[in-house]
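>>> Quick check, what structure comes out for this input:
(one chain, ligands or ions: 2)
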Amino acid sequence: MHRVALITSGGDGAGINSMIEMLARYEGIDLYGFHDGYDGILVNQPIHLTKTHCANHSLDGAHFLRTARSKLPFTKDGRQKIIQSLVEQEFECLIVCGGSGSQIAAKQIHEEGMNTLFIPMTVDNDVIGTDYTIGYDTALNHILNIIANIQNTATNMPGRIFMVEVLGGNVGNLALESALAGGCDLAIIPEYSSNREQIAKKVQAKLREKQSLIITCSESAYDSKDYQAGDQGVSFSIADSIEHLTGIRVRKTVVGFYIRAGHPSNRDAIIASKLGYFTAATILSKDFGKMIAIKKDAVITVDYKELDFSASTTNQENIDIAKNLNLLNS
Ligand SMILES: Nc1ncnc2c1ncn2[C@@H]1O[C@H](COP(=O)(O)OP(=O)(O)OP(=O)(O)O)[C@@H](O)[C@H]1O
Ligand SMILES: O=P(O)(O)OC[C@H]1O[C@](O)(CO)[C@@H](O)[C@@H]1O
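Ligands and ions are numbered 1, 2, ... in the order given. Below is the predicted model:
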């Protein structure tokens, strides 16, 4: 039996239970989970994630394990405490499910003495070395439901400008992909300048072609560096500039944290299940120091050493399409 520990870290992502449930039911894996991310390893008792414990909850929006942002991994001393605790509890490996920050910590902990495997999970889809992160599709579906309703009211009451602000951290994937999928008129993303005057002029030009406009806006589309992940409301100040130039009131919707919750879409559930399945096989072959990732719709393992942390995680195909359609704040 392989005695394995698991945490979720960073923001939650719908679908992660499917991954955990798949691992729990795999022959030869004895799975334990800690609540509250990295710090939880030191302060919480491990929960035995048996097949029975996990049964019938794989599609729950509430995770088997609480997730968190943690202090300990930021220092070598803190990481050593995590490693020591896992060694004392005789774990062979730590599985970390999380976003880009959690990935850095998982790599460091592996290099500093405890086997780790990393599973990409975040609504931002911004993890180096994988095309996909668990939770992204569910989040997009939530945003598209909102955009669909806004399209209705835009049709019912023409002549308006709508702004939909979405999460995404420092990357514009959610705003960009939902704008493309939802037939929106502009996606304001942090990869390009958020100069208010330029954006307002672009909106004014678009109003000559169309009666109502729907704009998506990334939470991090600030023109200063003051932004902290999770800040909400940047679309209000961009809307001010648009209103000033066009004389049209902007109707705003801040989608916020609603998109991180709820039961997973099929895409998230199946990808998470497959990642769980291949993670189990990777544990059995003791092939640690890897991320179990998605490339071109297939599950692959990526050695931490191959990760290029300078690479962009914004979907390039989406950028190219949006650029050609003049949908970006560039
Ligand atoms: N540079 C780093 N060095 C060491 N550990 C880190 C680093 N960045 C993040 N971590 C650890 O990973 C945790 C989660 O990171 P972060 O808050 O950046 O979320 P994330 O994993 O990127 O997920 P999300 O995309 O949901 O925000 C942090 O609380 C910290 O414990
Ligand atoms: O939940 P918190 O800690 O406020 O973090 C918010 C951040 O987490 C994310 O939702 C990713 O999980 C980002 O889109 C957002 O910037």
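>>> Number of residues surrounding Gly61?
Residue neighbour count, defined by other Cβ atoms under 10 Å, stands at 14 for Gly61. C-betas here are computed from N, CA, C, even on glycine.
>>> what ranges do the strands span in the chain?
2-8, 29-33, 47-48, 93-98, 116-120, 161-166, 186-188, 213-218, 250-254, 290-295, 298-303 (DSSP state E).
>>> How about Ala311: what's its closest non-neighbour residue?
Ile128 (5.8 Å; Cβ to Cβ, 6 or more residues apart in numbering).
>>> Roughly how far does that neighbour sit from Glu306?
10 Å (Cβ to Cβ, to the nearest Å).
>>> Which one of these two is surrounded by more residues?
Neighbours around Ile128 and Glu306, counted as other Cβ under 10 Å, are more numerous at Ile128. The numbers are 19 against 11.
>>> Local confidence estimate at the residue of the stretch 51-200 of the chain found nearest ligand 2?
Using Cβ to the nearest ligand atom, the single residue of the stretch 51-200 of the chain nearest to ligand 2 is Leu167, 3.3 Å away. Model confidence at Leu167, expressed as pLDDT, equals 98.
>>> Skipping adjacent residues, who's closest to it in space?
Glu219 (5.5 Å).
>>> okay, now the one you found: neighbour count?
The burial count for Glu219: 27, using other Cβ under 10 Å.
>>> what's near enough to touch it?
Counting by Cβ atoms under 8 Å, 6 or more residues apart in numbering, Glu219 makes contact with Glu165, Val166, Leu167, Gly168, Gly169, Tyr227, Gly230, Asp231, Gln232, Val234.
>>> now with 7 Å?
Glu165, Val166, Leu167, Gly168, Asp231, Gln232, Val234 (Cβ atoms under 7 Å, 6 or more residues apart in numbering).
>>> Please spell out the ChimeraX selection for the buried subset of these.
To isolate the buried members of the contacts of Glu219 in ChimeraX, using 16 or more other Cβ atoms under 10 Å:
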select :165,166,167,168,234
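>>> As a check, name the ranges of all helices in the stretch 1-150 of the chain.
16-24, 37-43, 51-54, 76-88, 100-111, 136-156 (DSSP state H, counting those that start in this stretch).
>>> Tell me which of those approaches ligand 1 most closely.
helix 100-111 (2.2 Å).
>>> Met121: how many residues sit nearby?
The burial count for Met121: 30, using other Cβ under 10 Å.
>>> beta partners of it?
In this structure, Met121 bridges to Ile134 when assessed by DSSP bridges.
>>> 488 is where my numbering starts, stick with that
OK, 488 is where the count begins now, so the last one is Met608.
>>> Could you measure from it over to Lys782?
In terms of Cβ to Cβ, Met608 sits 17 Å off from Lys782.
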